[in-house]
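[1] Sequence first, then the predicted structure:
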Amino acid sequence: MLQALKAEGQGIPALMAELGARARAAARPLAVASTVQKNDALLAMAAALEANKEKILAANAVDMERGHGAGLSSALLDRLKLDEKRISAMAEGIRAIAALDDPVGTVIAAWDRPNGLHIARVRTPLGVIGVIYESRPNVTADAGALCLKAGNAVILRGGSDSADSSAAIHACLAEGLRSAGLPEDAIQRVPVTDRAAVGEMLKGLGGNLDVIVPRGGRSLVERVQNEARVPVFAHLEGICHLYIDRSARLDMATTLTVNAKMRRTGICGAAETLLVDRAVADTHLVPVLEALAGAGCEIRGDEEVRGRFPSVKPATDEDWRTEYLDSIISVRLVDGVGGAIDHIETYSSHHTEAIVAEDEAAVERFFNEIDSAILLHNASTQFADGGEFGMGAEIGIATGKMHARGPVGVEQLTSFKYRVRGSGQTRP
């Protein structure tokens, strides 16, 4: 049937409409499911992932072979690749989500009015969430588990490059739902790679989608933002900055810079631009750049940086605006924390920025004046991750300002409603 739908251009709208209707139907029992039932499903999902490692790895091998053939970059291949360690990490992430407090029904605030009315603001599921993502098959597990814990049904549309891996992972999630007696339609995966399916999701599936979360490159996010007829939690590219202040300890600055850039270059929390206070150019710049070069990083810098480290390639204005997702970093000297703030506010995607400093006044200014979702002091930008924040996992890092910002975890996947209790009050 699905192959027939793929062959017929008119079949995609019908397929997607059916997925939306089934998700809406599943969302109602899921919204009132007990914490125990949801946690039982999550723990069963984690166990299924571990029990089916070989199947998942075999599916991933197919995706990797296809990715090599398609000429995917090393960064995209790194995002796509699964091994036993990454599968175990997926399972542990789901167990961590199960261990979180259930947000549904939590009283956010409560107060009494002079007329005797008692008002409570209570967390409630969003309903049906659409997640559109590229490359990373682990998003299938993370998004499915997070939406379930928050009482939401979800429709997952992964990239064609990770289709086999995502299908194998999704089968484990479905197994967990079945074992706990929850509707399998609570976590659905779009079974076709036709891009028309994305277009149908952006239309809202006949009113059945409540929010869309895009996770991928600029082109995907911009398409979603431009075409979506439902609210969007935007996850824009991570043009992340690391600033080394004049008060920074050289050993710490060196270690953090190499980790922020080189630990994993293909993640959105990888540092893409290094800013160094001109006041410590003589003491800090060259040792830090030597450490980066020694780790295999290509360095692009402004004229001052190249004058002090001749092997640096010239940086263009486009470099300051680029998310490399590769072993490349752009470097500039700036006039103190003020110069760093000016540069970041000009070029940042408002994802994650870090300052290395011992001067608390510089740190406070950095934190107060930079408008990005995540700010770090004396820590690697690679901590920009929901799991590292204690959220178990994340659907993405939201760079917008409405509803959700930063790591999107279970709390961010809820809304709220007001419960008002009276004793017969009427309004005069």
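    Yep, that arrived.

[2] Remind me which helix or strand I329 belongs to.
    Assigned by DSSP states H and E, I329 belongs to strand 328-334.

[3] which residues touch that strand?
    Strand 328-334 has contacts (Cβ atoms under 8 Å, 6 or more residues apart in numbering) with 243, 261, 271-278, 281, 285, 289, 292, 297-302, 304-305, 312, 315, 319-320, 322, 340, 342-343. Using the backbone N, CA and C atoms, a C-beta is placed for each residue, glycine as well.

[4] Kindly recompute the last result at 7 Å.
    Identification of contacts with strand 328-334 by Cβ atoms under 7 Å, 6 or more residues apart in numbering yields 261, 271-278, 281, 289, 292, 297-302, 304-305, 312, 315, 319-320, 340, 343.

[5] ok, now stretch 251-259?
    Residues from elsewhere that reach stretch 251-259, judged by Cβ under 7 Å, 6+ apart: 242, 244, 274, 284, 287-288, 291-292, 295, 356, 378, 380, 382.

[6] Stretch 374-391 too?
    By Cβ under 7 Å, 6+ apart, the surrounding residues in contact with stretch 374-391 are 93, 96, 240, 242, 252, 256, 259-260, 263-264, 267, 269-271, 351-356, 363, 366-367, 393-394, 397, 406-407, 409.

[7] Whichever of the residues you listed end up buried, select them in PyMOL.
    Buried residues among the contacts of stretch 374-391 (16 or more other Cβ atoms under 10 Å), as a PyMOL selection:
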select buried, resi 93+96+240+242+256+259+260+267+269+270+271+351+352+353+354+355+356+363+366+393+394+397+406+407+409
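
[8] how about the helices of the stretch 151-300 of the chain, start to end?
    For the stretch 151-300 of the chain, the helices defined by DSSP state H, counting those that start in this stretch cover 163-179, 196-203, 218-227, 250-262, 286-294.

[9] In CSV, could you pull the C-alpha coordinates for stretch 17-31?
    Extracted C-alpha coordinates of stretch 17-31, given in CSV (Å, rounded to 0.1, in the frame of the first residue of the first chain):
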residue,chain,number,x,y,z
ALA,A,17,-4.1,12.8,6.8
GLU,A,18,-4.5,9.3,8.2
LEU,A,19,-1.4,9.6,10.4
GLY,A,20,-2.7,12.9,11.8
ALA,A,21,-6.1,11.4,12.6
ARG,A,22,-4.6,8.4,14.3
ALA,A,23,-2.2,10.6,16.3
ARG,A,24,-5.1,12.8,17.4
ALA,A,25,-7.1,9.7,18.5
ALA,A,26,-4.1,8.4,20.4
ALA,A,27,-3.4,11.7,22.1
ARG,A,28,-6.6,11.6,24.2
PRO,A,29,-5.9,8.4,26.2
LEU,A,30,-2.2,9.4,26.4
ALA,A,31,-3.0,12.7,28.0
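
[10] List of residues touching that stretch?
    125, 127-128, 151-153, 155, 182-183, 185-186, 188, 190, 205-206, 208-209.

[11] From the residues you listed, which land in strands?
    125, 128, 153, 155, 188 (DSSP state E).

[12] Just give me the closest of these to P13.
    Distance to P13, by Cβ to Cβ, is smallest for I155 among the ones in strands among the contacts of stretch 17-31, at 14.4 Å.

[13] hang on, the closest one packs against G127?
    No. If you go by Cβ atoms under 7 Å, I155 and G127 don't touch, sitting 11.5 Å apart.

[14] which of the two has more neighbours?
    Neighbour count, other Cβ atoms under 10 Å: between I155 and G127, I155 has more, with 27 against 19.

[15] Let me know the helix or strand that L376 is in.
    For L376, the host element (DSSP H and E) is strand 374-377.

[16] Show me the shaky parts of this protein.
    For the chain, the stretches with pLDDT under 70 are 1-10, 236.

[17] Mark out where each domain of it begins and ends.
    As recorded under automatic domain parsing, the domains making up the chain are 2-235+408-420, 240-383.

[18] Which helix or which strand is home to R123?
    Per DSSP H and E: R123 is located in strand 118-125.

[19] whoops, A75 was the one
    helix 74-80.

[20] Would you mark the buried spots in the helix or strand just after that helix?
    Next along the chain after helix 74-80, taking DSSP H and E as the criterion, comes helix 84-99. Neighbour-count burial for helix 84-99, with 16+ other Cβ under 10 Å as criterion, is recorded at 86-87, 89-98.

[21] ditto for stretch 66-81
    Using 16+ other Cβ under 10 Å as the test for burial, stretch 66-81 gives 66-67, 72, 75-81.

[22] and the end-to-end length of it?
    Stretch 66-81 has its terminal residues 12 Å apart, counting by Cα to Cα, to the nearest Å.

[23] now that stretch, how far from the chain's geometric center?
    Averaging C-alpha positions (Cα atoms, centre = their mean, to the nearest Å) puts stretch 66-81 19 Å from its chain's average.

[24] can you check stretch 334-353 too?
    22 Å.

[25] do the same with stretch 363-381
    Relative to its chain's centre, stretch 363-381 lies at 19 Å (Cα atoms, centre = their mean).

[26] and if you look at stretch 176-184?
    Put simply, stretch 176-184 sits 26 Å off its chain's centre (Cα atoms, centre = their mean).

[27] Start the count at 21 instead of 1 going forward.
    Sounds good: first residue 21 from here, last item stretch 196-204.

[28] Could you say which helix or strand holds E70?
    Using DSSP H and E, E70 falls in helix 55-71.

[29] Now do the helix or strand following that helix and helix 55-71, the angle between them.
    Next along the chain after helix 55-71, taking DSSP H and E as the criterion, comes helix 73-89. Calculated by axes from the mean of the first three to the mean of the last three Cα atoms, to 10 degrees, helix 73-89 forms an angle of 70 degrees with helix 55-71.

[30] before we move on, back to that, could you dump the helix holding E70 to CSV, C-alpha only?
    What follows is helix 55-71, C-alpha atoms only, in CSV (Å, rounded to 0.1, in the frame of the first residue of the first chain):
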residue,chain,number,x,y,z
THR,A,55,2.9,8.1,35.3
VAL,A,56,3.4,4.4,36.0
GLN,A,57,2.0,3.3,32.6
LYS,A,58,4.1,5.9,30.7
ASN,A,59,7.3,4.9,32.7
ASP,A,60,6.6,1.2,32.0
ALA,A,61,6.5,1.9,28.3
LEU,A,62,9.7,3.9,28.4
LEU,A,63,11.6,1.2,30.3
ALA,A,64,10.3,-1.4,27.9
MET,A,65,11.5,0.8,25.0
ALA,A,66,15.0,1.1,26.5
ALA,A,67,15.2,-2.7,27.0
ALA,A,68,14.0,-3.3,23.4
LEU,A,69,16.8,-1.0,22.1
GLU,A,70,19.4,-3.0,23.9
ALA,A,71,17.9,-6.4,22.9
